[in-house]
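Visitor: Fold the following, please.
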Amino acid sequence: MYGHWKPDLNQLGENFDPITFFGFVYRITRQDSGRSYIGKKQMVFTERRKVKGRVNRKHVKKESDWKTYTGSCNELNQEIEELGKDKFDFKILKFCLNKRDLGYTETMYQFNENVLDERFSDGTRKYYNSNIMNRWHTKE
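Guide: Model prediction:
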């Protein structure tokens with residue numbers, strides 16, 4: 001029902017309908033290293049379709065590819081492809097009802113966890129994230 005994602009079931013009712021939510025904020029964690037990625041994913045898209053006999057277009061909600069989505073980070077996706085999805089944890093942190101809440105919540109998690117600068121004790125980066133709100137991080 002949720003693809004490879006593990007949602008917090010306390011946030012969901014018994015009759016979960018993905019079209020109810022605009023999107024979710026997630027964390028993907030590599031199990032052996034603990035390295036993570038925090039991102040967001042839209043669950044629905046709204047299309048405007050022509051309807052014969054109407055002046056205005058009809059708004060239709062369509063479910064996205066969220067069940068199979070593995071993030072937008074190239075480095076992370078390459079590792080998922082090489083190692084397999086079973087070597088990663090896919091956790092939904094929070095469902096969001098609108099675009100504003102989705103963007104805010106993702107940014108809040110990224111800043112609170114210091115995704116651009118946080119490092120493990122050996123000096124390697126703790127997060128795959130290289131930007132927040134499209135502001136690129138140049139430190140290595």
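Visitor: Low-confidence regions, this structure specifically.
Guide: Counting by pLDDT under 70, the chain has low-confidence residues at 8-16, 134-140.
Visitor: Over to the residue in the chain sticking out farthest from the centre: give its phi and psi.
Guide: Within the chain, Gly53 marks the point farthest from the mean C-alpha position, 39.1 Å out by Cα atoms, centre = their mean. The phi/psi pair for Gly53 (degrees, to the nearest 10) reads phi 90, psi 0.
Visitor: what are the ranges of the strands in this structure?
Guide: Under the criterion DSSP state E, the chain carries strands at the ranges 23-30, 36-42, 44-49, 58-63, 88-96, 131-132, 135-136.
Visitor: Distance to Glu75 and mean neighbour count for the ones you listed - can I get that in JSON lines?
Guide: For the C-beta atoms, the positions are set from N, CA and C on the backbone; glycine is no exception. JSON lines is the format used below for these (distance: least, Cβ to Cβ, whole Å; neighbours: other Cβ atoms under 10 Å):
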{"stretch": "strand 23-30", "distance to Glu75": "11", "mean neighbour count": "22"}
{"stretch": "strand 36-42", "distance to Glu75": "9", "mean neighbour count": "21"}
{"stretch": "strand 44-49", "distance to Glu75": "26", "mean neighbour count": "11"}
{"stretch": "strand 58-63", "distance to Glu75": "28", "mean neighbour count": "11"}
{"stretch": "strand 88-96", "distance to Glu75": "13", "mean neighbour count": "19"}
{"stretch": "strand 131-132", "distance to Glu75": "13", "mean neighbour count": "14"}
{"stretch": "strand 135-136", "distance to Glu75": "14", "mean neighbour count": "8"}
